[in-house]
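Q: how does the following fold in three dimensions:
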Amino acid sequence: MDSELRRQISELRRMAFEEQDRVMIAAQHRAKRDPAVDTSRPILLDIDAGPVRAGRILHEMIRQEREASGVAAE
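A: This next block holds a predicted model:
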């Protein structure tokens, strides 16, 4: 029973990647290479709010630390 369940789960994962994930990844890759697509301001989803906020806070902390130590910003 365990081996059959593992086989089914493996098949479902493969199907999900080939029919869903791979298609989305390929579309994103094409869009990033298309010069007509502006990727400088990506659309942010609600799920992106935490990581984006953390990144902004970290960048601000780094800027302040560099300013305090007299190191030029990159």
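Q: can you give me phi and psi for the residue most central in space within the chain?
A: Central residue of the chain (Cα atoms, centre = their mean): Asp48, 8.9 Å from the mean position. Phi and psi for Asp48, reported as degrees, to the nearest 10, are phi -80, psi -10.
Q: so how far is the helix or strand bottoming out on mean pLDDT in the chain off the chain centroid?
A: Least confident helix or strand, the chain: helix 22-33 with a mean of 88, by mean pLDDT, DSSP states H and E. The gap between where helix 22-33 is centred and where its chain is centred comes out at 13 Å by Cα atoms, centre = their mean, to the nearest Å.
Q: and stretch 38-58, by the same measure?
A: Centre to centre, stretch against its chain (Cα atoms, centre = their mean), the figure for stretch 38-58 is 10 Å.
Q: for stretch 38-48, buried residues please.
A: Buried residues in stretch 38-48, counted by 16 or more other Cβ atoms under 10 Å: none are found. (Each C-beta comes from the backbone N, C-alpha and C, glycine too.)
Q: render the CA-only coordinates of that stretch in PDB, please.
A: C-alpha atoms of stretch 38-48 as PDB (Å, rounded to 0.1, in the frame of the first residue of the first chain):
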ATOM      1  CA  ASP A  38       8.300  46.700 -18.000                       C
ATOM      2  CA  THR A  39       9.600  44.600 -15.100                       C
ATOM      3  CA  SER A  40      10.900  47.600 -13.100                       C
ATOM      4  CA  ARG A  41       7.700  47.800 -11.100                       C
ATOM      5  CA  PRO A  42       6.300  44.300 -10.700                       C
ATOM      6  CA  ILE A  43       2.800  43.800  -9.500                       C
ATOM      7  CA  LEU A  44       2.800  42.900  -5.800                       C
ATOM      8  CA  LEU A  45       0.300  40.500  -4.300                       C
ATOM      9  CA  ASP A  46      -0.900  40.500  -0.700                       C
ATOM     10  CA  ILE A  47       1.400  37.600   0.000                       C
ATOM     11  CA  ASP A  48       4.400  39.700  -1.100                       C
END
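Q: that concludes my questions; thank you for your assistance.
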